[in-house]
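# Predicted model and sequence below, questions to follow.
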Amino acid sequence: SRVIDVGTGAGFPGLALKIACPDMQLTLLDSLDKRIGFLRGTCAKLGFDDVECVHARAEEMPDGYRQGFDFAVSRAVARLNLLCELCLPLVKVGGAFLSMKSVESGGELEQAKKAIGILGGRVERTADYSIPGTDVTHRVIFIKKIAETPKKYPRPFAKIKKNPL
């Protein structure tokens with residue numbers, strides 16, 4: 001599978017997925033070059049010479065990445081209605097966007113349903129999970145890509161933020 005971790009930060013969840021599934025093709029995307037430099041060094045130390053580390057904003061990714069991934073994953077980047085506009089254009093039809101959220105994300109999900117539909121997605125399910133050794137519970141929202149994203153998305157981030165779908 002070809003996977004992109006949008007707003008990867010220190011590489012989570014992307015690097016954890018790569019450790020668990022070493023055959024996957026992983027792209028780590030972040031807007032801060034300092035983080036990307038750290039990730040390149042970390043990947044080299046882990047022997048992941050096939051991980052692509054990209055310094056860019058999701059809404060400014062070149063066309064060659066558009067609808068080119070089986071999965072997009074993201075954690076703690078933005079509210080779901082904004083995040084869908086950044087991630088769903090990167091996922092090919094038949095793929096999925098997995099968003100890591102809080103267990104109190106029901107209202108956020110409801111608010112994002114219009115955006116999900118416009119961008120070619122459909123909520124498949126949610127799943128709550130516990131972090132081993134803690135009392136912490138999180139949720140992952142599975143959004144299936146069922147149709148191509150209209151070419152006008154994603155919009156520049158200022159427009160996404162000012163007028164969310």
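Good, I have the coordinates.

# What score does the residue lying farthest from the centre of the chain have for pLDDT?
Most distant residue from the mean C-alpha position of the chain: residue 133, 26.0 Å away (C-alpha atoms, centre = their mean). pLDDT recorded at residue 133 is 92.

# ok, now residue 78?
87.

# Could you do residue 130 as well?
Looking at residue 130, the pLDDT reads 92.

# Hmm, residue 103 and it touching each other?
No. Contact criterion C-beta atoms under 8 Å: residue 130 and residue 103 do not qualify, at 10.1 Å. Any C-beta I mention is one placed from the backbone N, CA and C, and that applies to glycine too.

# what's the overlap in contacts for the two?
residue 137 (C-beta atoms under 8 Å, 6 or more residues apart in numbering).

# Which strands border the helix or strand where residue 70 lies, and is each parallel or antiparallel?
Secondary structure from DSSP states H and E places residue 70 in strand 69-75. Strand 69-75 pairs in its sheet with strand 2-6 (parallel), strand 91-102 (parallel), by DSSP bridges.

# C-terminal to the longest one, what's the next element?
When you say that, I think you mean strand 91-102. Using DSSP H and E, the next helix or strand after strand 91-102 towards the C-terminus is helix 106-118.

# what's the angle from the helix or strand just after that following helix to helix 106-118?
Note on helix 106-118: by DSSP H and E, the next helix or strand toward the C-terminus is strand 121-130. Our comparison of strand 121-130 with helix 106-118, counting by axes from the mean of the first three to the mean of the last three C-alpha atoms, to 10 degrees, yields an angle of 150 degrees.
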